[in-house]
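Student: What would the 3D arrangement of this be:
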Amino acid sequence: MSHALMLTSAVVCCCCSRLTQIFAVSQAYLYHAYAWLKLFNFSRSYNKNLTASDQQMMATSVVLATLSILPYERALFGRTDDLSHEQEKERTIRMANILGFTVDKRADYKSILTRSALVSSINSMNLLALVPPEVRATYELLTSEFNPLELCKKLDPLLASLQHIASPMSAASPVKDLNMEQYIPSLKQVAVLRALKQLNEVYSTMHISELAGLVPFMGFGDVEAVVVDAVKYEYLQLRVDHRNGTLHFGSQQLEGDKIRNHMALLAKRLAKAAAMIDPTPPAAVEQTRTAALQLCRENVAKEHSRLLARKQVIEKRKEQAEALMMEQEREEERKRLQAAREQELLEEKRRREEAARREKERLERELEEQEMEEARQLLEQTRRKKGGALVKDGEKIDRKALMQEALSERLKEAQELERKLARLAKTMDHLERARREEEAPYLEAAYQQRLQHDQEYYEQQQRQQLSAHKLAWDVDIVEKRRLERMAEEKTSFAALIVSRRQDEFEELKRQRERRLAERRAQKKIEREIARRHEFVRRCREQVQERAAQIDEERQRAEEERQRAEEER
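Tutor: Model prediction:
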């Protein structure tokens with residue numbers, strides 16, 4: 001029994017160790033932290049040989065993995081539709097089962113594995129008592145302290161010290177080597193997000209240079225990438241104005257709620273200080289305090305409404321100013337693009353004209369060179385025929401005179417050739433006439449001999465055909481007498497085949513008529529179903545249109561009511 005338990009615990013520890021490595025490589029820090037928490041709890045419960053140094057390093061890994069988790073969730077594959085929610089739910093439940101957590105499928109899947117649950121587990125298990133002071137200080141900065149101007153500056157030396165806190169693990173440890181440096185990039189990103197979140201509660205506008213000074217371990221380009229990702233998933237409301245070099249923070253909650261939270265915190269601390277100075281306030285002070293509280297209760301609704309109205313006016317003015325600024329920027333960008341486009345079109349037109357001009361010059365030059373080459377070849381041919389000197393390189397050639405001379409020479413050659421052909425044709429005519437007169441008696445004798453030979457061949461073929469026909473007729477008569485005995489059987493067999501085929505035809509005909517009847521009935525049912533679906537669809541559209549009209553009327557009435565309240 002003990003051996004089986006040890007074997008099971010070793011397998012679970014090995015599995016959890018592999019999961020931490022897999023999730024670390026895939027940068028799934030939430031599952032990575034849960035795998036570390038599972039490994040730490042199981043090792044501390046079943047591994048009695050685990051040393052204090054091993055427990056400290058494993059607890060440090062749990063805390064750093066938890067702090068490396070982003071404070072917001074990314075949508076699966078960048079989508080937010082119902083299908084992605086179902087896929088995310090199935091993946092979360094499957095991961096929870098892999099990590100050994102009991103899951104209620106009816107509960108919200110977003111509350112199964114969360115960063116806040118891990119932080120609560122760390123506090124309840126008192127893991128901070130096991131980790132080094134640098135990790136404890138890092139945990140306090142990233143979870144509880146509110147100091148946006150000094151957060152990253154205080155965190156920078158702590159992150160540098162994380163590279164040197166890893167100590168060798170013992171042989172009993174399920175993990176043989178720990179790498180704390182893998183958490184530093186994600187810790188920097190979490191620190192920047194926390195600083196921006198806290199700055200959002202204090203500032204509305206800040207210079208980019210000031211923010212760059214607050215984050216010593218990261219350039220502004222990397223900070224901007226972190227901001228873009230956080231704004232994409234609605235964790236921050238922040239706008240970067242590169243033209244003016246400023247950051248504009250958006251309100252994450254109502255202005256009245258923010259003021260109320262700050263004033264409530266201030267009141268609690270002032271009350272605590274007053275109680276420490278004077279534990280028993282006089283009756284007059286108590287009455288004044290009661291009257292002030294009563295006045296606050298009476299005016300809180302009015303003050304809240306006034307603040308909400310003021311916030312709406314401010315937000316509306318800000319939206320109008322931003323819309324005007326964006327419109328101006330769009331107009332300037334449009335003009336700039338239009339000018340650039342016109343300049344590009346002019347440049348393209350100039351390039352095309354220049355290319356066409358160069359192509360025309362090239363063609364003219366090639367044509368002139370080709371004509372000069374033809375003229376040179378004609379001159380060489382003419383001089384070679386006449387026995388004159390050939391054209392030398394560099395010799396000047398008059399193309400027109402040369403072409404005229406070549407044409408006249410060719411004309412003379414053509415006339416001479418025509419005279420020779422006429423004389424040759426006359427000679428050939430005389431020879432042909434003499435040949436025909438001499439061969440006439442020979443052709444007649446050959447024709448008579450061919451007629452006699454054809455007559456003999458025809459008579460021989462007629463005799464052979466008559467003999468073969470007589471032989472075939474005798475054979476057919478014998479075969480006819482032999483087959484006349486089978487006439488009755490053939491007739492009865494043919495009648496049987498026709499009867500069987502008629503029955504098969506009738507059966508196929510009945511089956512076809514039955515299928516046609518079934519198909520007509522099915523089509524009639526489908527038409528009825530389609531008609532009912534169309535009726536239901538039209539009814540739904542009418543209901544939706546009516547609901548939209550009611551919502552629009554309600555919204556119009558609400559806008560008129562708000563406009564009337566603003567005018568008052």
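Student: now the strands for the stretch 101-250 of the chain?
Tutor: Remark: strands assigned in the stretch 101-250 of the chain by DSSP state E, counting those that start in this stretch are 205-207, 238-241, 246-249.
Student: what about residue 219, distance to residue 206?
Tutor: Distance, residue 219 to residue 206, using CB to CB, to the nearest Å: 17 Å. Quick note: C-beta positions are derived from backbone N, CA and C, even for glycine.
Student: more neighbours, these two?
Tutor: residue 206 (18 against 10; other CB atoms under 10 Å).
Student: Bridged to the residue lying closest to the more buried one once chain neighbours are set aside, which residues?
Tutor: Leaving aside its sequence neighbours, residue 206 sits nearest to residue 247 (CB to CB, 6 or more residues apart in numbering; 4.8 Å). For residue 247, the beta-bridge partners are residue 206, residue 240 (DSSP bridges).
Student: so residue 247 touches residue 237, yeah?
Tutor: No - using CB atoms under 8 Å, residue 247 makes no contact with residue 237, being 11.3 Å away.
Student: Look at these two and report which has more neighbours.
Tutor: Neighbours per residue (other CB under 10 Å) separate residue 247 from residue 237, with residue 247 holding more: 23 against 13.
Student: list the contacts for the more buried one?
Tutor: Shown in contact with residue 247 (CB atoms under 8 Å, 6 or more residues apart in numbering): 205, 206, 207, 208, 211, 238, 239, 240, 241.
Student: likewise residue 135?
Tutor: Going by CB under 8 Å, 6+ apart, residue 135 touches 60, 63, 64, 162, 165.
Student: Please list only the buried members of the residues you listed.
Tutor: 60, 63, 64, 162, 165 (16 or more other CB atoms under 10 Å).
Student: Among these, find the lowest-pLDDT one for me.
Tutor: Lowest pLDDT within those is found at residue 165 (77).
Student: So it is in contact with residue 61, correct?
Tutor: No - contact status for residue 165 versus residue 61: not in contact, 10.8 Å apart, counting by CB under 8 Å.
Student: just to revisit the earlier point, okay, the contacts of residue 247 in a markdown table with pLDDT and distance to residue 412 next?
Tutor: Shown next, in a markdown table, are the contacts of residue 247 (pLDDT from 0 to 100; distance: CB to CB, whole Å):
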| residue | pLDDT | distance to residue 412 |
| --- | --- | --- |
| 205 | 87 | 101 |
| 206 | 87 | 101 |
| 207 | 88 | 98 |
| 208 | 85 | 94 |
| 211 | 85 | 99 |
| 238 | 83 | 97 |
| 239 | 85 | 94 |
| 240 | 85 | 92 |
| 241 | 84 | 92 |
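Student: What subset of the residues you listed is buried?
Tutor: 206, 208, 211, 238, 240.
Student: Would you mind saying which of the strands of the stretch 101-250 of the chain lies nearest residue 432?
Tutor: strand 238-241 (105.3 Å; CB to CB).
Student: Which elements pack onto the closest one?
Tutor: The helices and strands touching strand 238-241, judged by 3 or more CB pairs under 8 Å, 6 or more residues apart in numbering; DSSP states H and E, are helix 220-232, strand 246-249.
Student: who's in contact with that strand?
Tutor: Strand 238-241 is touched from outside by 196, 200, 208, 224, 227, 230, 231, 247, 248, 249, 250, with contacts defined as CB under 8 Å, 6+ apart.
Student: what about 7 Å?
Tutor: 196, 224, 227, 231, 247, 248, 249, 250 (CB atoms under 7 Å, 6 or more residues apart in numbering).
Student: Which two of the residues you listed have the greatest separation?
Tutor: Across the contacts of strand 238-241 (CB to CB), the longest gap, 16.1 Å, separates 224 and 250.
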